[in-house]
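[1] model this:
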Amino acid sequence: MTYSIPTGNQSELQWFEMTEAIAARFDQEFQNKKPDLPDEVQALPIFLDWQSNKLQNRIATEFWNITKPKKRQRCLDIGCGISFLIYPWRDWNAYFYGHDISKTATEIIQSRAPQLNSKLFKNISNKPAHHLEEYDKDFFDLAIATGFSCYYPLDYWGAVLDQVKRVLKPGEVFIFDVINPDADIAENWAILETYLGAEVFLKPLDAWQDLIKKSGAKIAKQTDGELFHAYKIRW
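    Coordinates of the predicted model:
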């Protein structure tokens, strides 16, 4: 990771330890390493789709169906993984700024993205979601964070919202998703992820909506997927 171990702040230390575990889980995925899982996990209904790499396509939030990046917009993709290589950024003609805790994903993007489109790819940072200090205030036209809020407690996500609010232009939107704990596959997915190395927090949607309200934002739109519930919010 490209940030130092925190000292003297218990929350920061706890978040650092969580982030290290989550980074290791995703480094393993981007290195195409699948761990041996116990029989009880292999018996889960979602296991075969995970093993054949179909599960991610089932559950991923297609944020562009909520708000599509526009030409020349500065877009911050937090927890981006290798999205610049697989999502249609060239069709959108929007400027991509990536932010991810996985060192492996960051290295892949840094190596391949400039070759794919050096005009649209601006940079990628290997840091956690609540550390956006390198970006200026009111810098971005759109911010996205999908697929990872479930690995952190609500107080952590409150810190993320504060950072996103600072770097996003007033009135522009932030799209992020959370686990719907009432989804049919939520519990099994949480079990699978735990065995893959990352604990999942299943929080009720009401708690997420209270957190959004506390941050000063309003919900402009929300959508349901098979696992994730997506919010489009603005301050």
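[2] how about G81: what's its closest non-neighbour residue?
    Of all residues not flanking G81 in the chain, A105 sits nearest, at 4.9 Å (CB to CB, 6 or more residues apart in numbering). All C-beta atoms are positioned from the backbone trio N, CA, C, and that covers glycine.
[3] surely that neighbour touches A23?
    No. A105 is not in contact with A23 according to CB atoms under 8 Å; the separation is 9.3 Å.
[4] the two: which is more packed in?
    Taking other CB atoms under 10 Å, A105 and A23 do not tie; A105 has more neighbours (25 against 22).
[5] buried ones in the longest helix seen in the chain?
    Counting residues, the longest helix found in the chain (DSSP state H) is helix 10-30. For helix 10-30, burial by neighbour count (16 or more other CB atoms under 10 Å) applies to 12, 15-16, 18-19, 22-30.
[6] that older thread, give the contact list for the residue nearest to G81.
    Residues near A105 by CB atoms under 8 Å, 6 or more residues apart in numbering: F26, D27, F30, C80, G81, I82.
[7] could you do A230 as well?
    By CB under 8 Å, 6+ apart, A230 lies in contact with T61, F63, I66, T146, I175, F176, D177, Q222, T223, D224.
[8] which SS state does it fall under?
    With DSSP: H, G, I helix; E, B strand; the rest coil as the basis, A230 sits in strand.
[9] got the confidence number for it?
    Looking at A230, its pLDDT is 98.
[10] so what touches the longest helix of the chain?
    Contacts of helix 10-30 (CB under 8 Å, 6+ apart): 1, 5-7, 35, 81-82, 100-105, 108, 128, 130, 148, 151-152, 155-156, 159, 193, 196-199.
[11] what pairs with the strand ranked longest in the chain, parallel or antiparallel?
    Taking DSSP state E as the criterion, the chain has its longest strand at strand 168-179. Strand pairing for strand 168-179, using DSSP bridges, gives strand 140-145 (parallel), strand 228-234 (antiparallel).
[12] can you tell me which of those strands is most buried?
    Highest mean neighbour count among the strands paired with strand 168-179 (mean count of other CB atoms under 10 Å): strand 140-145, with a mean of 23.
[13] could you export that one as CSV, CA atoms only?
    What follows is strand 140-145, C-alpha atoms only, in CSV (Å, rounded to 0.1, in the frame of the first residue of the first chain):
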residue,chain,number,x,y,z
PHE,A,140,-14.6,16.0,-10.2
ASP,A,141,-17.8,16.1,-12.2
LEU,A,142,-18.7,12.5,-11.2
ALA,A,143,-17.6,10.0,-8.6
ILE,A,144,-18.3,6.3,-8.5
ALA,A,145,-17.7,3.6,-5.9
